[in-house]
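Q: Sequence and predicted structure below; questions after.
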Amino acid sequence: MTNIIPTTCEEWHHCITETGGIPLTKPYIEQRIKALDDFNDHMTKSFVRLYGEPQRKATLAWFERARQEING
């Protein structure tokens, strides 16, 4: 992986699970989707300020994809 900021779902998955050591559990995924959908959430505001709205949308889509994969 050459990008610090993920640009693909595969890079994002690697950052979360391998680099960060965070398992993509259903509760974690649901928590992150809820937060990324909430523009009043402090961490979401920080995320958008640091990485931009397009990255928030992409990250949200990747979490939604992970939720679909878990749900079958």
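A: Now that the structure is in, tell me what you want to look at. Numbers count the residues shown, from 1 in each chain.
Q: Would you mind checking the average pLDDT for the longest helix seen in the chain?
A: Longest helix in the chain, counting residues (DSSP state H): helix 53-71. Across helix 53-71, pLDDT averages out at 97.
Q: Now it: buried residues?
A: Buried positions in helix 53-71, judged by neighbour count with 16 or more other C-beta atoms under 10 Å: 55-56, 58-60, 62-63, 66. C-betas here are computed from N, CA, C, even on glycine.
Q: Including distance to residue 29, could these go into CSV?
A: Formatted as CSV, the buried residues of helix 53-71 follow (distance: C-beta to C-beta, whole Å):
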residue, distance to residue 29
55, 18
56, 16
58, 15
59, 12
60, 11
62, 10
63, 5
66, 5
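Q: List just the nearest of those residues to residue 12.
A: Nearest to residue 12 among the buried residues of helix 53-71 is residue 62, at 4.7 Å by C-beta to C-beta.
Q: got the residue ranges for the strands in this protein?
A: For the chain, no strands turn up when DSSP state E is the criterion.
Q: OK, contacts around the spatially most central residue of the chain?
A: Residue closest to the mean C-alpha point of the chain, counted by C-alpha atoms, centre = their mean, is residue 59 at 3.9 Å. Residue 59 makes contacts with 6, 12, 36, 47, as judged by C-beta atoms under 8 Å, 6 or more residues apart in numbering.
Q: ok, 10 Å please
A: For residue 59, the contact set (C-beta atoms under 10 Å, 6 or more residues apart in numbering) comprises 5-6, 9, 12, 16, 32-33, 36, 47, 51.
Q: what's the farthest-apart pair in those residues?
A: Farthest pair in the contacts of residue 59, by C-beta to C-beta: 5 and 33, 19.4 Å.
Q: I'm done for today, thanks for sticking with me.
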